[in-house]
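Trainee: Dropping a prediction and its sequence here:
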Amino acid sequence: MLKKRIIPCLDIRAGRVVKGINFVGVKDAGDPVELALKYVAEGADELVFLDITATAEKRETFVPLIKEIAANINIPFTVGGGISTIEDVSKVIQAGADKVSINSAAIKNPNLITAIKNNFGSQCVVVAIDTDYVGEAWKVFSKGGLEETNLNTIDWVKVVADLGAGEILLTSIKEDGTKAGFALDVIQQVCALVNIPVIASGGAGKKEDFYDVFKQTNATAALAASIFHEDIVSISSIKNFLNIYNIPVR
Ligand SMILES: O=C(O)c1ccccc1NC[C@H](O)[C@H](O)[C@H](O)COP(=O)(O)O
């Protein structure tokens, strides 16, 4: 079995790490560079930086901060947040990111996935999908979880994989920030549909949640924010725990 990846996520607003619950009520969670260094020292396999700033001011804080973080870490670095053109991707890659995460822009213009793949390689494009169970189906949400689309998550994952996505970052909105555990059902449904890596995201609250997601689904990585920003458990202790229970980690 491929080694599983533990990925801390820095949700950024106005240059600070923030964290909320179900994508709302975000509170300050610290300095991005300090947290990035801390997580690398703890053994993070990758780092995700997600700028949730909705305002135009993001351009000022976005690129310099990416440069500063990229200069200080030696693990794969994925950057997302409002990326919607090849020029945005180029700027972020030149600033030091290894991959980009696109969400709302992929919904609006699915061909952007293929364009990024053709220009930078499929390994560079992570398609982030925020999902919630509505009525009888898992639906895709855009704009930071604020807008329900007419897309069915199960259909959308197949489309993005066919268009050239290198990975899928699947976040269950209901679990986000709750520390109640990952949404194992939808994660496994998605893993069973695509041949590209799926990163589970949303809900991690204890080390056993990481065991559950790797034991009960084919997720190749688990992303978390609250559990790390609130110092509930370190990345290294999660990895030690997974090793004891024979889940391969780096
Ligand atoms: O993804 C967004 O657009 C967004 C917008 C506003 C606030 C949070 C957002 N995303 C939440 C992140 O994806 C978050 O890091 C993951 O859901 C993991 O959260 P935890 O449940 O705290 O581990």
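Mentor: That came through, no problem.

Trainee: Return the residues of this structure in contact with the ligand.
Mentor: By the rule Cβ under 6 Å from any ligand atom, the part of the chain lying against the ligand is 9, 11, 19-20, 23, 26, 50, 52, 130, 144-145, 171, 176-177, 201-204, 223-227. Using the backbone N, CA and C atoms, a C-beta is placed for each residue, glycine as well.

Trainee: any idea of the pLDDT on the residue nearest the centre of the chain?
Mentor: Here the mean C-alpha position of the chain is nearest to the C-alpha of residue 169 (Cα atoms, centre = their mean), at a distance of 5.0 Å. With respect to pLDDT, residue 169 scores 98.

Trainee: Then residue 54?
Mentor: 58.

Trainee: Next: residue 23.
Mentor: Residue-level confidence at residue 23 comes out at 86, pLDDT.

Trainee: For the residue nearest to the centre of the chain, give its distance to residue 225.
Mentor: Using Cβ to Cβ, to the nearest Å, we find residue 169 at a distance of 12 Å from residue 225.

Trainee: Mind listing residues that contact the one helix or strand in the chain whose mean pLDDT sits lowest?
Mentor: Of all regular secondary-structure elements in the chain, judged by mean pLDDT, DSSP states H and E, the least confident is helix 58-72 with a mean of 84. Where contact means Cβ atoms under 8 Å, 6 or more residues apart in numbering, the residues beyond helix 58-72 that reach it are 12, 14-15, 32-33, 36-37, 40, 47, 49, 51, 53, 77, 79, 81-82, 91-92, 95-97.

Trainee: Check those residues for burial and list the buried ones.
Mentor: Neighbour-count burial (16 or more other Cβ atoms under 10 Å) is assigned, among the contacts of helix 58-72, to 12, 15, 32-33, 36, 40, 47, 49, 51, 53, 77, 79, 81-82, 91-92, 95-97.

Trainee: So which of those residues sit within strands?
Mentor: Of the positions in these, 12, 47, 49, 51, 77, 79 sit in strands, assigned by DSSP state E.

Trainee: Now pLDDT and distance to residue 183 too, for those, in a markdown table please.
Mentor: As requested, these are arranged in a markdown table below (pLDDT from 0 to 100; distance: Cβ to Cβ, whole Å):
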| residue | pLDDT | distance to residue 183 |
| --- | --- | --- |
| 12 | 92 | 24 |
| 47 | 98 | 23 |
| 49 | 96 | 23 |
| 51 | 91 | 24 |
| 77 | 98 | 26 |
| 79 | 96 | 24 |
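
Trainee: I'd like those residues as JSON lines, with distance to residue 120 appended.
Mentor: Output for those, formatted as JSON lines (distance: Cβ to Cβ, whole Å):
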{"residue": "12", "distance to residue 120": "22"}
{"residue": "47", "distance to residue 120": "18"}
{"residue": "49", "distance to residue 120": "17"}
{"residue": "51", "distance to residue 120": "19"}
{"residue": "77", "distance to residue 120": "14"}
{"residue": "79", "distance to residue 120": "13"}
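
Trainee: ok, of the residues you listed, which one's closest to residue 243?
Mentor: residue 47 (21.4 Å; Cβ to Cβ).

Trainee: Surely that closest one and residue 6 touch.
Mentor: No: when contacts are counted by Cβ atoms under 8 Å, residue 47 is not listed as touching residue 6 (10.6 Å).

Trainee: which ones are touching residue 206?
Mentor: For residue 206, the contacting residues are 179, 181, 227, 232-233, taking Cβ under 8 Å, 6+ apart as the criterion.

Trainee: Top of the residues you listed by number of neighbours, please.
Mentor: residue 227 (22 neighbours; other Cβ atoms under 10 Å).

Trainee: shaky segments in this structure?
Mentor: Applying pLDDT under 70 to the predicted model, the residue ranges of the chain that meet it are 54-61.

Trainee: now the helices: where do they sit in it?
Mentor: For the chain, the helices defined by DSSP state H cover 32-41, 58-72, 86-94, 104-108, 111-120, 153-162, 184-191, 207-216, 226-229, 235-244.
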